[in-house]
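**Q** okay, sequence plus prediction incoming.
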Amino acid sequence: MTTPFEDSFERPAGVLASSIASSEAGPNEAGSTEQVRGTAQVPDAFAAADGQTYAQNGGLGPEWHQAGTSVWHIEGGRLCGQSAHNHGVWLKRTLPINARIEFDAMSDSPDGDIKAEVWGDGQSAATSISYTNATSYLTVLGGWKNTFHVLARMNEHGTDRKEIKIDPTSDDPREKPVTRGQSYHFKIERTDGKTVHWSVDGVEYLSYADAQPLAGVGHDHFGFNDWEVKVCFDNVKVTPL
């Protein structure tokens, strides 16, 4: 990816994911060099390059890949999922080593638990109950029934994870629990090739300086994940840095 990518998940008429630079062209997942189209109106049964229709892929369209599940779908102009059990949905486009990823997110549960993955392999999912074998950095807002905010490397339960313990009585916005139905604006970025910064609603929550940065093939995708609660995401923007 060399130019910014955006997706608003508006699909009522089969709208394709948009690219700010609609002139960008390059090999897609099927090996084609077809030019990327921006916000093009297409029939509801539009067939993606991989043979899937929007309906077959939960309405997501050809830019997204569900990892061993079908729970992810478009609902009211947002990407939503529930009971994914750590089987996420990945953006097929590859991330550069340095990038800024922004999106809006909400949980439909008092348990919070809003999760995203950055610089992962774009296809893997949990192979057991505990997600200890991710390929990415993970951000979890209101995880573990709204008791921790976490930035982790490959293992969300790892002892090296960065965390904030939630305290509903605190005046620090970083220690507040997730409110059901509230939209949160995430920004995750890396500018120096090694340090991941995570901000919510303009406030930096956590950072992870990695001596062995996840980068390159196998660590070059972004996606959303979920355990049990219903979560929804919107207004994705990925900017190469």
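**A** Thanks, I have it.
**Q** from residue 97, how far off is the residue nearest to residue 173 when sequence neighbours are not counted?
**A** Nearest non-adjacent residue to residue 173, counting by C-beta to C-beta, 6 or more residues apart in numbering: residue 203, 5.6 Å away. For glycine as for every other residue, the C-beta is placed from the backbone atoms N, C-alpha and C. Per C-beta to C-beta, to the nearest Å, residue 203 is found 25 Å from residue 97.
**Q** ok, back up a step: for the residue nearest to residue 173, grab the count of nearby residues.
**A** For residue 203, the neighbour count with other C-beta atoms under 10 Å is 10.
**Q** looks like it contacts residue 172 (just checking).
**A** No: using C-beta atoms under 8 Å, residue 203 is not in contact with residue 172, being 9.3 Å away.
**Q** follow-up on the earlier one: in the sheet, who's paired with the residue nearest to residue 173?
**A** When assigned by DSSP bridges, residue 203 has beta-bridge partners residue 200.
**Q** repeat for residue 232
**A** Beta-bridge partners recorded for residue 232 (DSSP bridges): residue 80, residue 106.
**Q** residues near residue 101, how many?
**A** 22.
**Q** how far away is it from residue 161?
**A** Applying C-beta to C-beta to residue 101 and residue 161 gives a distance of 19 Å.
**Q** what do you get for residue 100?
**A** 22 Å.
**Q** ok, the two, which is more surrounded?
**A** The neighbour comparison of residue 100 against residue 161 (other C-beta under 10 Å) goes to residue 161, with 19 against 16.
**Q** and the helices in this structure?
**A** 143-146 (DSSP state H).
**Q** show me what contacts residue 98?
**A** Each residue near residue 98 by C-beta atoms under 8 Å, 6 or more residues apart in numbering is listed here: 189-193, 240-241.
**Q** ok, how many other residues are close to residue 157?
**A** By other C-beta under 10 Å, the residues close to residue 157 number 11.
**Q** do I have it right that it meets residue 129?
**A** No: if you go by C-beta under 8 Å, residue 157 and residue 129 don't touch, sitting 10.9 Å apart.
**Q** now the farthest one out in this protein, which residue is it?
**A** Largest separation from the mean C-alpha position in the chain: residue 169, at 29.6 Å (C-alpha atoms, centre = their mean).
**Q** okay, and for this structure, where does confidence drop off?
**A** Filtered on pLDDT under 70, the chain yields the residue ranges 12-56.
**Q** now do 80
**A** Applying pLDDT under 80 to the chain flags the ranges 11-57.
**Q** OK, contacts around residue 152?
**A** Residue 152 makes contacts with 134, 137-138, 140, 158, 160-162, 208, as judged by C-beta under 8 Å, 6+ apart.
**Q** how close does the residue farthest from the centre of the chain get to residue 90?
**A** Residue 169 sits at a distance of 38 Å from residue 90 (criterion: C-beta to C-beta).
**Q** could you do residue 236 as well?
**A** The gap separating residue 236 from residue 90 is 12 Å, by C-beta to C-beta.
**Q** next one: residue 220
**A** For residue 220, the distance to residue 90 (C-beta to C-beta) stands at 11 Å.
**Q** shared neighbours, those two?
**A** Between them, residue 220 and residue 90 share these contacting residues under C-beta under 8 Å, 6+ apart: residue 122.
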